[in-house]
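[1] the sequence and its predicted three-dimensional model are supplied below.
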Amino acid sequence: MAFCSLIQHKYKRWTGLSRPERSFLIQAAVLLPVFRIKRSMGFQKVRSRLEKEPSQAGQVPRSSDSALEKARQAARMVSIAAAHTLCQTSCLDRSLVLCVLLRRMGIDADLHLGVKKDGGVFSAHAWVELDGEVINDTADVRERFAPFPAPVTKAGSCADM
């Protein structure tokens, strides 16, 4: 009985999504494992995949409210897909996929990396920004991680990594 209730709940949530949200969710669900596998085979595999990505970047003005809202919507769908995928994904996987989805939508976004050392433990983090607005993380990510001086990708050029 609990299983049927879970399925009904999931179905209800699915039908509550808009058509673009469903599209983002499906694309993210497919791309997350692909990027995870390619990244485990080396960064060149990820780079070659990104270089093949058709660019629509620059078609939506970066500073428009519409671009920011669409970017946040896509980030939410990537997050949902990551929570339901069979393989474990990292912040880098999620940020790369978000960068690709935004690029497909014509939105230029920047992939950022940051580092921190806490109690002798070094860690790194990846996130996506649009005109200085953090899209797929909390606004204080720049305080929690020291960002590299420049984004890894600038102005939608995910393939420039």
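    Thanks, I have it. Quantities reported herein were computed from a predicted structural model and do not represent experimental measurements. Numbers count the residues shown, from 1 in each chain.
[2] in the protein, which helix or strand is least confident?
    Ranked by mean pLDDT, DSSP states H and E, the helix or strand of the chain with the weakest confidence is helix 43-51, at a mean of 62.
[3] mind listing what residue 91 touches?
    Shown in contact with residue 91 (C-beta atoms under 8 Å, 6 or more residues apart in numbering): 125, 126, 127, 137. C-beta: built from backbone N, CA, C; applies to glycine.
[4] okay, now residue 72: neighbour count?
    Residue 72: 15 surrounding residues under other C-beta atoms under 10 Å.
[5] how close does the nearest residue to it once chain neighbours are set aside sit to residue 126?
    Distances taken as C-beta to C-beta, 6 or more residues apart in numbering put residue 135 closest to residue 72, at 6.1 Å, once the chain neighbours are dropped. Separation of residue 135 from residue 126 (C-beta to C-beta, to the nearest Å) stands at 12 Å.
[6] can you check residue 16 too?
    Where residue 126 is concerned, residue 16 sits at a distance of 29 Å (C-beta to C-beta).
[7] any idea of the mean pLDDT for the helix ranked longest in the chain?
    In the chain, taking DSSP state H as the definition, the longest helix is helix 19-40. For helix 19-40, mean pLDDT is 88.
[8] can you list contacts of that helix?
    The contact list for helix 19-40 (C-beta under 8 Å, 6+ apart) reads 14, 17, 45-46, 49, 70, 73-74, 76-78, 80-82, 84-90, 92-94, 96-98, 100-101, 104.
[9] what residues sit buried inside stretch 17-33?
    Neighbour counts over stretch 17-33 (16 or more other C-beta atoms under 10 Å) mark 17, 21, 23, 24, 25, 27, 28, 29, 31, 32, 33 as buried.
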